[in-house]
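Student: My questions are about this predicted structure, shown below with the sequence.
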Amino acid sequence: ERMAQFSETTIQAAAQQQRILDHLELERRARGLAVPTNDLHVRARLRELGEPICLFGEEAGDRRQRLRMTMVERDITDGMPAIAKDAKAEEAEAEEKK
């Protein structure tokens with residue numbers, strides 16, 4: 001059994017290609033996640049996850065994308081913060097009382 005010898009350049013290229021494929025897979029999974037559109041909810045969820053709520057120069061869309069990627073990296077599927085869930089529960093209770 002003869003083992004193939006690869007040059008250092010070939011090994012580096014293969015590693016780079018694998019990193020790119022891994023990143024593309026993360027982005028594909030991130031697109032399928034439901035995250036809040038309300039920036040206050042995005043910030044609340046980032047805070048719950050122990051992430052900075054805002055990075056220098058970051059806009060609302062960037063923050064939402066960062067939440068998506070954080071969730072994918074941590075294998076989290078629920079994007080809604082507790083504050084939003086509590087508000088929905090209160091709305092449902094108010095509707096039932098009517």
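Tutor: Yep, that arrived. Residues are numbered from 1 along each chain as shown.

Student: what residue ranges in this structure score low on pLDDT?
Tutor: For the chain, the stretches flagged by pLDDT under 70 are 1-4, 86-90, 94, 98.

Student: for it, what spans make up the helices?
Tutor: When secondary structure is read from DSSP state H, the chain shows helices at 8-31, 39-48, 60-73, 82-97.

Student: and the ones you listed as TSV, adding distance to residue 54 and mean neighbour count?
Tutor: All C-beta spots, glycine's among them, are computed from the backbone N, C-alpha and C. Formatted as TSV, the helices of the chain follow (distance: least, Cβ to Cβ, whole Å; neighbours: other Cβ atoms under 10 Å):
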stretch	distance to residue 54	mean neighbour count
helix 8-31	19	11
helix 39-48	7	18
helix 60-73	7	17
helix 82-97	17	10
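
Student: ok, residue 77 - how many residues close by?
Tutor: 10 (other Cβ atoms under 10 Å).

Student: ok, it - contacts?
Tutor: Residues in contact with residue 77, defined by Cβ atoms under 8 Å, 6 or more residues apart in numbering, are 33, 71.

Student: any idea how far it is from residue 44?
Tutor: As judged by Cβ to Cβ, to the nearest Å, residue 77 and residue 44 stand 17 Å apart.

Student: again, but for residue 55
Tutor: To residue 44, residue 55 is 16 Å away according to Cβ to Cβ.
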